[in-house]
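Undergrad: Have a look; sequence and predicted model below, questions after that.
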Amino acid sequence: MDDERQEDNTIYSGSDLTTPGSPYESYAKWYDQKKPTQYAFSEPIPIPPPPPDWKPSTLSWRTLVIVVLVSLLIGGGSFFGWLKYSQVLSPVQKTTGATTPAPTHTPMSIATPTADRNQSLQTSDFDKFLHNFRVALYDDKNYDAVQKVTDTNNFQYASIAEGSPLDWKFIHDHLVNGDMTLLISDPIWTPEVAGYNCAGRLYGPNGVYVNGHAVMAIPNANVKYDLGTSYSSHLEFDSQGASEVFVFEQPNQSGQWFWRGYTYGNISNC
């Protein structure tokens, strides 16, 4: 029995794998048939080519720019639409289900200080003086400013036909109390143009005269005239149309102009 179980301890070399009669002959033949050709050890495995260089794509930036522009257009259109809509609804605001009118703001008016007009009366330019005098006398009723440019010592309010003049105090008191309102023409309207120099009546360079008699003598001065109207509740001041003639003087023919007085009862083309 021991002889029958004796094992074959023969050692085979690599060349003995294909030797006829070798126990590995059949395995060697099977391996030669089944082995893949790509693993042939006679040929080296090729090295794969390197990957291409990476470059940033311009398409992504262009897409981003387009998206941003479209977003701005949509957002701007929405904003202006909301703004227009809010302006339409601004007159009425909704609060807790009730309508409340939107608050309105009245612009503050800017008035010209009286001091500026007072200063503008201090001038040797008659046209400028006449305009500012009219504003102070009628528009502002600033009789303090008027008094500063009035010849209060020689002032006369007289009828062209009867004389008997009244002084400045009488006129000033009625102006201040509101019993009397005076308005002069601007631009200037002279008695000569109105046809008041007639029937011996003369508004001349040296004052007012009737048939050579001085109603208001003004020597050594430049004299100017302008038509006007008075309004009063007193009969002695009632007049028909622009029948008053306001008289102004420039003493010594230079410098400041002053209000010298005025006449009433004038008739055109008498």
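TA: Received the coordinates, thanks. Numbers count the residues shown, from 1 in each chain.

Undergrad: okay, CA-based contacts and neighbour counts for the rest of this
TA: OK.

Undergrad: Dig out what residue 202 forms beta bridges with.
TA: residue 209 (DSSP bridges).

Undergrad: which residues does it contact?
TA: By Cα atoms under 8 Å, 6 or more residues apart in numbering, the contact list for residue 202 reads 196, 208-210.

Undergrad: among these, who's most crowded?
TA: For those, the largest neighbour count, defined by other Cα atoms under 10 Å, is 22 neighbours, found at residue 208.

Undergrad: was I right about that one contacting residue 216?
TA: Yes: using Cα atoms under 8 Å, residue 208 is in contact with residue 216, at 5.0 Å.

Undergrad: ok so, going back, any idea which of the contacts of residue 202 is the one closest to residue 136?
TA: Nearest to residue 136, judged by Cα to Cα, of the contacts of residue 202 is residue 208 at 25.1 Å.

Undergrad: Tell me if residue 146 really is in a helix.
TA: Yes: looking at residue 146 with DSSP: H, G, I helix; E, B strand; the rest coil, it is inside a helix.

Undergrad: And for it, the neighbour number?
TA: 20.

Undergrad: And it, how far from residue 269?
TA: 32 Å (Cα to Cα, to the nearest Å).

Undergrad: What of residue 255?
TA: For residue 255, the distance to residue 269 - Cα to Cα - is 34 Å.

Undergrad: I'd like to know which of the contacts of residue 202 is nearest to residue 227.
TA: Nearest to residue 227 among the contacts of residue 202, with distances taken as Cα to Cα, is residue 196, at 10.2 Å.

Undergrad: and that closest one, backbone torsions?
TA: phi -80, psi -10 (degrees, to the nearest 10).

Undergrad: Kindly provide the distance from it to residue 145.
TA: Counting by Cα to Cα - residue 196 and residue 145 are separated by 30 Å.

Undergrad: rewinding a little: residue 139: which of the contacts of residue 202 is nearest?
TA: Proximity of the contacts of residue 202 to residue 139 (Cα to Cα) peaks at residue 196, which lies at 27.0 Å.

Undergrad: Pull up the gap between residue 231 and residue 243, please.
TA: 12 Å.

Undergrad: Show me which of these two is the more surrounded one.
TA: residue 243 (20 against 15).

Undergrad: For that one, report the pLDDT, please.
TA: Predicted confidence (pLDDT) for residue 243: 84.

Undergrad: What sits closest to it if chain neighbours are left out?
TA: residue 266 (5.1 Å; Cα to Cα, 6 or more residues apart in numbering).

Undergrad: For the one you found, list the residues it contacts.
TA: 160, 196, 243-245.

Undergrad: Next, format those as a markdown table and append secondary structure and distance to residue 171.
TA: Below are the contacts of residue 266 laid out as a markdown table (DSSP: H, G, I helix; E, B strand; the rest coil; distance: Cα to Cα, whole Å):
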| residue | secondary structure | distance to residue 171 |
| --- | --- | --- |
| 160 | coil | 17 |
| 196 | coil | 24 |
| 243 | coil | 17 |
| 244 | strand | 14 |
| 245 | strand | 15 |
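
Undergrad: which of the residues you listed lies closest to residue 176?
TA: residue 244 (19.7 Å).

Undergrad: Using TSV, lay out the contacts of residue 202 together with pLDDT.
TA: Shown next, in TSV, are these (pLDDT from 0 to 100):
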residue	pLDDT
196	95
208	96
209	95
210	94
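
Undergrad: quick one: which of those is nearest residue 169?
TA: Using Cα to Cα, these come closest to residue 169 at residue 208, 21.4 Å.

Undergrad: wait, what's in contact with the closest one?
TA: Contacts of residue 208 (Cα under 8 Å, 6+ apart): 201-202, 214-217.

Undergrad: Quick one: buried ones out of the residues you listed?
TA: 201-202, 215-216 (16 or more other Cα atoms under 10 Å).

Undergrad: what two of these are the furthest from one another?
TA: Farthest pair in the buried ones among the contacts of residue 208, by Cα to Cα: 201 and 216, 11.8 Å.

Undergrad: Need the overlap of contacts for those two.
TA: 208-209.

Undergrad: Appreciated, that's everything.
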